[in-house]
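Undergrad: I'd like to go over a predicted model; first the sequence, then the structure.
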Amino acid sequence: SQKIEQNSEALNIQEGKTATLTCNYTNYSPAYLQWYRQDPGRGPVFLLLIRENEKEKRKERLKVTFDTTLKQSLFHITASQPADSATYLCALGTAAGSTLGRLYFGRGTQLTVWP
Amino acid sequence: ETGVTQTPRHLVMGMTNKKSLKCEQHLGHNAMYWYKQSAKKPLELMFVYSLEERVENNSVPSRFSPECPNSSHLFLHLHTLQPEDSALYLCASSQDLAARYGYTFGSGTRLTVV
């Protein structure tokens, strides 16, 4: 079965630094990979989607890379702020076939940005 | 508000009770989902509906029964639950099953089974 691993449960960094979160997967060939942010007691909020044929995507201070050879995605937050503190989830999905409609999530990485 | 509304936000129920969780979206999305989120575990996909038809039942025990009366509403009927069913239940919707633009999640229902 497919397996999705996010590098660590928790990541603590100083304000202003770049946070880098990792998502690795096995036994799966996703058509796209998504990143979500989740705050305590809330549902996840969609941030970015990157397709299998895209190497990199950016949105404001966020950057996502997708390496289908390494089966890995990196999620970067530049110039991090305490307000970026949250749990970040990666999720993989397909665009067709029998697994269409299934989005598989990692456990998440809890990011804490301290002043 | 995200556009997906879940009620109630919190629910405490005994193992012999019957209750229902409600999810509503007016985003014009055609696909809706139920996920279970337990502590220290990834989100678990429970059910998938597309245009009101169930397309996925991910080996969920029969004590959980979904209902999708129209494309805007999704219910999860609960009966004779176990304490291990205590979790955050999340509803999500997407434009279609391909979810190219991501899911929109509700805030969830925190369920405690006593």
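TA: Okay, I see it. Everything quoted here is computed from the prediction, not taken from an experiment.

Undergrad: any idea what sits nearest B:Ser38, other than its immediate chain neighbours?
TA: B:Ala87 (4.5 Å; CB to CB, 6 or more residues apart in numbering or on different chains). Any C-beta I mention is one placed from the backbone N, CA and C, and that applies to glycine too.

Undergrad: name whatever forms a beta bridge with the one you found.
TA: B:Leu111 (DSSP bridges).

Undergrad: that one contacts B:Gln37, doesn't it?
TA: Yes. Judged on CB atoms under 8 Å, B:Ala87 makes contact with B:Gln37 at a distance of 5.9 Å.

Undergrad: lowest-pLDDT helix or strand in chain B?
TA: Between all helices and strands in chain B, the lowest mean by mean pLDDT, DSSP states H and E belongs to strand B:53-57, at a mean of 77.

Undergrad: name the residues that touch that strand?
TA: A:101-102, B:45, B:47-49, B:66, B:68, B:97 (CB atoms under 8 Å, 6 or more residues apart in numbering or on different chains).

Undergrad: sheet-wise, list the partners of that strand with their directions.
TA: Partner strands for strand B:53-57, per DSSP bridges, with pairing direction: strand B:44-50 (antiparallel).

Undergrad: in chain B, what spans have low per-residue confidence?
TA: For chain B, the stretches with pLDDT under 70 are B:1, B:58.

Undergrad: and it, which residues reach chain A?
TA: When proximity is defined as CB under 8 Å from any CB of the partner chain, chain B approaches chain A at B:2, B:4, B:6, B:31, B:33, B:40-43, B:45, B:48, B:50, B:55-56, B:58, B:90, B:92, B:97-108, B:110.

Undergrad: now do the strands in chain A.
TA: A:3-6, A:10-14, A:19-26, A:32-38, A:45-51, A:56-59, A:62-67, A:72-77, A:86-93, A:103-105, A:109-114 (DSSP state E).

Undergrad: other SSEs contacting the shortest one?
TA: Counting contacts by 3 or more CB pairs under 8 Å, 6 or more residues apart in numbering or on different chains; DSSP states H and E, strand A:103-105 packs against strand A:86-93.

Undergrad: then the strand it packs on to PDB, C-alphas only?
TA: Taking Å, rounded to 0.1, in the frame of the first residue of the first chain, the C-alpha atoms of strand A:86-93 are listed here in PDB:
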ATOM      1  CA  ALA A  86       1.000  25.400  12.300                       C
ATOM      2  CA  THR A  87       1.000  21.800  11.200                       C
ATOM      3  CA  TYR A  88       1.700  21.300   7.500                       C
ATOM      4  CA  LEU A  89       0.300  18.300   5.700                       C
ATOM      5  CA  CYS A  90       1.300  16.800   2.300                       C
ATOM      6  CA  ALA A  91      -1.200  14.900   0.300                       C
ATOM      7  CA  LEU A  92      -1.000  12.900  -2.900                       C
ATOM      8  CA  GLY A  93      -3.700  12.200  -5.500                       C
END
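
Undergrad: not counting its own residues, what contacts it?
TA: A:2, A:4, A:6, A:21, A:23, A:25, A:28, A:30-39, A:44, A:47, A:73, A:75, A:99, A:102-111, B:43, B:98-99.
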